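Undergrad: Okay, sequence plus prediction incoming.
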Amino acid sequence: MKTGVDHIIHGGDYNPDQWLKYPEIIDDDVRLMKKARINSATVGIFSWSVLEPEEGVYEFGWLDEVFDKLYENGIDVILATPSGARPAWMAQKYPEVLRVEESGIRNEFGVRHNHCPTSPVYREKVREIDRRLAERYGSHPALKMWHISNEYSGECHCELCQAAFREWLKERYHNDLEELNDSWWNGFWSHRITDWEQISSPKYRGEDHVTALKLCWDRFVTDSHISFYENEIAPIRELTPGIPITTNFMRFYDRIDYQKFSKKVDVVSWDNYPCYDGTDTLKKAAETAFSHDMFRSMKGGKPFLMMESTPSVVNHRPVNRIPAPGTQTLTAVQAIAHGSDSVQYFQWRKSRGGHEKLHGAVVDHSGRDDTRVFREVSATGELLEKLKDVAGARSRGRVAIVCDFENSRAVSHFCGYNNVRRDYLDECVKWYRPFWLSGVCADVIAMDDDFTQYDAVIAPFLYMLKNGTEERIEQYVRNGGVFVATYLFAVTDEDDLCRLGGLPAGKLKDVFGVIAEETDALPEGINEIAAFDGKEYKAEHVCDVIRSTGAAVLGEYGSGFYAGQPSVTVNSYGKGKAYYVAFRNDGELAVDFCRRLIKTHGIKKDAGIAAPDGVVFRKRGDFVFVMNFGDGDAAVTLDREYQNVSDRTTVRGDISVKANGFVCLKTL
Amino acid sequence: MKTGVDHIIHGGDYNPDQWLKYPEIIDDDVRLMKKARINSATVGIFSWSVLEPEEGVYEFGWLDEVFDKLYENGIDVILATPSGARPAWMAQKYPEVLRVEESGIRNEFGVRHNHCPTSPVYREKVREIDRRLAERYGSHPALKMWHISNEYSGECHCELCQAAFREWLKERYHNDLEELNDSWWNGFWSHRITDWEQISSPKYRGEDHVTALKLCWDRFVTDSHISFYENEIAPIRELTPGIPITTNFMRFYDRIDYQKFSKKVDVVSWDNYPCYDGTDTLKKAAETAFSHDMFRSMKGGKPFLMMESTPSVVNHRPVNRIPAPGTQTLTAVQAIAHGSDSVQYFQWRKSRGGHEKLHGAVVDHSGRDDTRVFREVSATGELLEKLKDVAGARSRGRVAIVCDFENSRAVSHFCGYNNVRRDYLDECVKWYRPFWLSGVCADVIAMDDDFTQYDAVIAPFLYMLKNGTEERIEQYVRNGGVFVATYLFAVTDEDDLCRLGGLPAGKLKDVFGVIAEETDALPEGINEIAAFDGKEYKAEHVCDVIRSTGAAVLGEYGSGFYAGQPSVTVNSYGKGKAYYVAFRNDGELAVDFCRRLIKTHGIKKDAGIAAPDGVVFRKRGDFVFVMNFGDGDAAVTLDREYQNVSDRTTVRGDISVKANGFVCLKTL
Amino acid sequence: MKTGVDHIIHGGDYNPDQWLKYPEIIDDDVRLMKKARINSATVGIFSWSVLEPEEGVYEFGWLDEVFDKLYENGIDVILATPSGARPAWMAQKYPEVLRVEESGIRNEFGVRHNHCPTSPVYREKVREIDRRLAERYGSHPALKMWHISNEYSGECHCELCQAAFREWLKERYHNDLEELNDSWWNGFWSHRITDWEQISSPKYRGEDHVTALKLCWDRFVTDSHISFYENEIAPIRELTPGIPITTNFMRFYDRIDYQKFSKKVDVVSWDNYPCYDGTDTLKKAAETAFSHDMFRSMKGGKPFLMMESTPSVVNHRPVNRIPAPGTQTLTAVQAIAHGSDSVQYFQWRKSRGGHEKLHGAVVDHSGRDDTRVFREVSATGELLEKLKDVAGARSRGRVAIVCDFENSRAVSHFCGYNNVRRDYLDECVKWYRPFWLSGVCADVIAMDDDFTQYDAVIAPFLYMLKNGTEERIEQYVRNGGVFVATYLFAVTDEDDLCRLGGLPAGKLKDVFGVIAEETDALPEGINEIAAFDGKEYKAEHVCDVIRSTGAAVLGEYGSGFYAGQPSVTVNSYGKGKAYYVAFRNDGELAVDFCRRLIKTHGIKKDAGIAAPDGVVFRKRGDFVFVMNFGDGDAAVTLDREYQNVSDRTTVRGDISVKANGFVCLKTL
């Protein structure tokens, strides 16, 4: 199932339900949307208290009018289910719909989300309102997509959830407590379980030191959200089988395993809020690119949607500096370049009250269309119409960065070595960035995704290996793959049980030709020296102390008690190569290492463009996007002729790209 | 009703009830008080467990003796009601008198305050003990004033308070839930209320994101304390109609709206604990002056009392450095200069045990009268006797700083722009300080106080406008007033609902001749440049991006994407002037701006005294007080002859004021 | 009762119960232990869920095998009782065994410790399992010692503990509430108690400001752990009267008064985890030496055990840097030098799972015996065999540092002066360090230990005096002792009630010949100048302002408003001397002061060895241990001939000690 559109969606969250007593404003919205070249509106998020103001009393009239008005004006509708917040009457009548925190005390009604994902009452209520929405709007011609709930997140510790967790464990461990005890190493601190009822969710006032329990709870939380989602979509799938379904993910919210959840949606979508405040722009652009590629990779390169972004500024950060003018459009271009079929905003119009009343919007409280922000959004809309043909185009990476959600959780739980600096996501971005800077398309994958299609696979800080991963790495290298591992590699198994027999675990010792004997941790600001290819680098935070049992040594530590021991190795195994980078680097080694990797292994770039630092390029379909995240205007050299999409002129040779600007090129 | 005395009160908290088993110490107290020229003692604070050791069993004998002994020695009594702490037996028998925190768990007996202001049992018990005190001591000749409870503060989340809060809301919103829903913008996140019972106090485990709810809760908390207070004073007012009533406020405790509460007391009093530790002395002196003027302004310039201050050092700060010798007396002089009719201490004698046993006192555990502190207090007493004639003199400001308690709460709640630096009080002091340094008497008022008597009104960061304020500002300027507003001005209404149609809200766009289109926030340490009158200043934390629609531009931004847009404007409107300072300044602009304002608008100073930085002067009645908060001894030039109060010499021309010292002058 | 061995114990925590399904590993353990010269294994810690997998069902077979196997291989057993963690079935069936936190909410099953020390059910269960262990293994020839529970710690706020606390108070205060009220100064804030039931443990949501309550609670917590311990050992003492008993203490865990608890054990043992991460090595070595001497002093100089230490690195610190190679052995040597009869490790073999799976161990997950760590441990074992003759040797200090556990608690509770920097332990180490650096053996004692055997007693920051201490100090000095007190000396009595009549309290004014009138507190980074013996020093954090009433002034303050007042004094009283150091020094004064003290009062050193800074020496029995904690190799000069224990050569004159190394010498 595709995104359902053959153009780029330009839209955003639209809440006319907050303005029902201001009909003149709702009328003006349509005029303003057309002026801003908005072609889609996401309606219904958090609308439950208007849709069902009393239990069983439904009011759809206002929504009928919104659907019709938008449709008449050529604006598509993405319809949200309202389960992200529930009416106060429901919380009052059925307290079980609310969450219980670790303290054991049930929350009161308030804020949003805050629902128990297990509650039968809540599931029934959600299914019912979703069914009615599907019945009423399923065949409306404006309806193009379902937006299920909103940013699923959080967890509940109520008794219903405890019981569900226990059932989940019974299934995982084959109803065998002894298997669970062995897998969790419950002999430690006398934790052997003799009755499933003895198990409860991890919490500060109970058990919060058993990492296997915590990892299982994380997995259960993911599954409870997926199960809740599946309950939501059941009537929708039944009644509107042709309408694609999505739910909006958040950057790298690892309390839910998006790599698993994404398999359940038709279209992946995510909410993109980079913090461009004038500092570290290139770093933040890399992080955003990484996220785009991660969400794209979840569906094998299929287009995704940028479901939310701010047209100006957010309100929830400590200090919300306005990004430089032009940032909104550059952010839109980057999304398209990396595979998004949409540029959508939170929010169309600022609400008058509520927590997000000061969050940026296309239309401010002033209601004016001559603001800086409105003008920029309109210009973006104009550009997106010119980029129409890129919609639907898929991309596939030459290399893959393993950034695994379950490993992220495992890494967050363990106690040892460096407990201050874990930074799993940052580590993954650190190894993604050199490829991004070089114009090499990289996928971002889970450890159980297929490695075989990639020229190289880089797996930073892959501490925990899920079942089968060890074997798949071995096969990949044996058959000619290039695999790069770093410190604390392959330490534990899927239950976070330490592997015996020396690290890296099992067959990987042979694949990598090294033994990792100890792991040192370095306090912030204290570095060791580690060499690679004749150059010295800073080692920080974590250093494996390794010995080669056959690998070629590409560099050695230059300080510490392990000076002279290898810092980087490569081993020939079967037809492939296995690299081991024993230390955490500050980014410099990653750049040099990956450049060498690209050269050594002949990894292809997206285009033959030469650009200075800070300017990156990306190919998608017939288009090449050149984006300047650097500090000043930049000269870029093209190796062939292109059409400049903005003005349809032909360009070649040296062109200039403004600071915070871009050029969209079409291959001729 | 006046303060009841025709001299300056020199006294403080006196707790003989802690020393009933040490009669020799109580005897010695009177001797020491006379030696230190103490003329008043505040007794009975926290004495309940001695006054009513068992339920219904009263013991007044000890207090009778204290009254008589003090009276015989010419020492007045200020009698406190004991409701600030209750006996353990009461908490044991009636747990409802104790507070419930946000968790929903009721506190145990302990510390002080910690009472539910709504509890009928507690109100009854308080009324009864207060009645008995009034009956017994109401006609004692030593009794000069009532001190009700102590530093009202805190809040309770019990079911009784929840019910009272709902009743409060019903009254505010005319028993109309739809009005409440609209005013709170409850359509956001599906928060529409359909039953009053669905509402609860704001709390972390419920609703803490609805700013209108939070602002209403704040108002309810103020009203619940006022209601509790009114319950307290009912028998006292009935039995002792001629004795003035006060309760001691704290500096700027904005959880209670003192501007509202102050209308209910006969005399305003407050507890003054500046932190003079050798750093930022001038800033702390300005803050203290500001507080004095704020409390004075609450009663239209009528004298107030400095009910507490330390004779040496406090014990509750992280590090309690002893202020330089002389600070205690200078603090006393400053209080008198700004309108206090008293200098009172916490505490007369250090308790042997309890939380404040290491808090400074006039008499230490040593019991000696030859300590540095005792000598300083005695010298202060001597001076106050010479200043007797100033008692009762009122002052009125030439200008007013709007520092509104409700706005302070509104400012603390919103989410957006700069969430780290709000500093509402600091902003108000920043604009007060230039007048204080220049010898211009400034009032500190609420936004609903009368503007018309002032040459100029400065309203920093006036984000929320209560009903009618917009109209009153417009009228004030139209009729010739000078009004100064700053960034984030007039953003929301009394329910914190954003104003539509552009900022500043409503008519104020015409009054100020500007439109504020965006608001930027700057991280700590990052500044933009903003000009005024040809000079450049640092803009910090918050910058409005404004356009002039008619106002004269007095300066422009010199950096940021809004460089070239106005930073300071003035608009002629009717007979008056409306200034808009679009950015937060670091204090330098405020000084230059206010100097220009004083000059341009001919605002009068208290006296024609020329003094260097760090030396300030203030006129009260026939007295002029010159105070040196600077780093060294200072030369001050008088424009006329005065009598030096300390030695009754005549002074003129150049005089010297010692560092950390003062000169009290009397006009001849 | 002695430690039960005539050699140095080399062993550690051994958990075969976690490996019952890996018999090949248990078999290999014995081989590895012998290779590493391990002669003792501590078994059974946290083994309850294996010993009693179901209520009343005991399984000892595995432990029988472990005992036999170890015995056959010449390895002694120290048997732990398992009460530090309980089986899940017990928590499920008897929730009362779990702790209740201050919130009043009972914990769930989890982590370790976490038991109510009062619970009758838990006490019964513990007594029963302990009895069965004693019955089964009491006469096994491998059994050499009992290790009771593990690191007793924490507290419980359940109703059973509340009731026990009230009984404890009744006993302390002779069943007289009035005595309690007077002792606690309950008149303050109306806290008079009229029924024992009104008292509850201190807590944030009740009473946490009454220091006397808090101090009593601390004492009760100690007593509740001792009572729990006595319940544990009753069957053990009955059944195995000849086997010594210990429980492992932690460095300076002052929530339990080890100085009191130590009287109840046969052998003192403690867990030593210095944080050698390459910074402040000398300081950390001093702290470790201090702890050794403190635990040694608890039993009057009798040998103690270093029950735990890491063979490599720990896992629980923020950043766990690997100590430099050699540190493990140097740590072992230091322990022996200061009186330990053992070097024991946590842990023998890393567990595969659980919270400590990444904590250092002799045997890693690799199972290899060629690791750096295994080799170092083996070398240590070899050395310890050569030091066999030192076992059992006692030492006694020439001077004593008073570091009192109850004073530590009192110091932590009070509110006043400097609330940020209390650092009681650091202050004690600061005054211990000069003696350690000089080779003078120092004891570390409680304030109620005997002073008379010492040449000098130094009591830093002795704020609270237990009953009788004042008199004992006076007698000690009168009879010729040298006593050194510092700031905030003798402020309160045993109930933390301030002493009246001036400080130092009572007779101590005469002993010291000074009056302390005020106490100043200095913020971090702000210092006053204080002189001693013609040299200027930094005063930090706390300065007493004192006057001499007869003492000789050895130095004066050089800044602050008390410049010119004494900073250091000495008074001749009776046949002795009483020094008063009025300020907190940064360590420099302590070194110079103590050097002068050693010289003036002829205090003897352990040996005539001359060593540079960073190298320390200590005599025990016939052995002298020279340890280099400095930055580089060091030249040391011996005043006589010794045998070098490592190679049995004779050494004299100048020898070299490697950085992070040592030389063990035997007197010839």
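TA: Alright, I've got the coordinates. Remember, it's a predicted structure, so these values are computed and weren't measured experimentally. Residues are numbered from 1 along each chain as shown, chains lettered A, B, ... in the order given.

Undergrad: Contacts only, for A:Lys386.
TA: Contact analysis of A:Lys386 by C-beta atoms under 8 Å, 6 or more residues apart in numbering or on different chains lists A:645-646, A:664. Just so you know, the C-beta spots here come from the backbone N, C-alpha and C atoms, and that holds for glycine as well.

Undergrad: mind redoing it with 7 Å?
TA: Going by C-beta atoms under 7 Å, 6 or more residues apart in numbering or on different chains, A:Lys386 touches A:645-646.

Undergrad: Next: A:Asp195.
TA: Contact analysis of A:Asp195 by C-beta under 7 Å, 6+ apart lists C:89, C:92.

Undergrad: Which pLDDT value belongs to it?
TA: pLDDT for A:Asp195: 98.

Undergrad: gap between it and C:Met90?
TA: Separation of A:Asp195 from C:Met90 (C-beta to C-beta, to the nearest Å): 12 Å.

Undergrad: ok, now A:Thr246?
TA: Using C-beta to C-beta, we find A:Thr246 at a distance of 49 Å from C:Met90.

Undergrad: What's the local residue count around the residue lying closest to A:Ser139 once chain neighbours are set aside?
TA: Nearest-residue entry for A:Ser139: A:Thr240, 7.8 Å, with adjacent residues in sequence omitted and distances by C-beta to C-beta, 6 or more residues apart in numbering or on different chains. For A:Thr240, the neighbour count with other C-beta atoms under 10 Å in any protein chain shown is 20.

Undergrad: isn't A:Thr240 right up against A:Ala134?
TA: Yes - under the criterion of C-beta atoms under 7 Å, A:Thr240 makes contact with A:Ala134 at 5.4 Å.

Undergrad: Tell me which residues are up against stretch A:488-508.
TA: For stretch A:488-508, contacts defined as C-beta under 7 Å, 6+ apart pick out A:183-185, A:211-212, A:215, A:410, A:461-467, A:470, A:473-474, A:485, A:509, A:512, A:515-516, A:519, A:542, A:544, C:352-353, C:357, C:365-368.

Undergrad: please redo it, this time with the cut-off set to 6 Å
TA: Here stretch A:488-508 makes contact (C-beta atoms under 6 Å, 6 or more residues apart in numbering or on different chains) with A:183, A:211-212, A:215, A:410, A:461-467, A:470, A:474, A:512, A:515-516, C:352-353, C:357, C:365-366.

Undergrad: Just those residues: which are in strands?
TA: Among the contacts of stretch A:488-508, the ones falling in strands (DSSP state E) are A:515-516.

Undergrad: Which neighbouring elements make contact with the lengthiest helix in chain A?
TA: In chain A, taking DSSP state H as the definition, the longest helix is helix A:211-239. In terms of contacts (3 or more C-beta pairs under 6 Å, 6 or more residues apart in numbering or on different chains; DSSP states H and E), helix A:211-239 is packed against helix A:120-137, helix A:405-413.

Undergrad: Packing partners of the host helix or strand of A:Thr650?
TA: If you go by DSSP states H and E, A:Thr650 is part of strand A:649-651. Applying 3+ C-beta pairs under 6 Å, 6+ apart, one finds that strand A:649-651 contacts strand A:642-644.

Undergrad: Contacts for the strand it packs on, please.
TA: Residues from elsewhere that reach strand A:642-644, judged by C-beta under 6 Å, 6+ apart: A:650-651, A:665-666, A:668.

Undergrad: Could you identify the buried members of the contacts of stretch A:488-508?
TA: The neighbour-count test (16 or more other C-beta atoms under 10 Å in any protein chain shown) marks A:183, A:211-212, A:215, A:410, A:461-466, A:470, A:474, A:512, A:515-516, C:352-353, C:357, C:365-366 as buried among these.

Undergrad: ok, the closest residue to chain C within the stretch 251-400 of chain A to A:Lys357 distance?
TA: Scanning the stretch 251-400 of chain A for proximity to chain C using C-beta to the nearest C-beta identifies A:Arg255 as nearest, at 20.5 Å. Plainly put, A:Arg255 is 27 Å away from A:Lys357 if you go by C-beta to C-beta.

Undergrad: what's the burial count for the single nearest residue of the stretch 201-350 of chain A relative to chain B?
TA: Nearest residue of the stretch 201-350 of chain A to chain B: A:Asn315, at 3.8 Å (C-beta to the nearest C-beta). By other C-beta under 10 Å, the residues close to A:Asn315 number 19.

Undergrad: Phi and psi next, for the nearest residue to it once chain neighbours are set aside.
TA: Of all residues not flanking A:Asn315 in the chain, B:Gly416 sits nearest, at 3.8 Å (C-beta to C-beta, 6+ apart). Backbone geometry at B:Gly416, expressed as degrees, to the nearest 10, gives phi 160, psi 170.

Undergrad: Fine, thanks again, bye for now.
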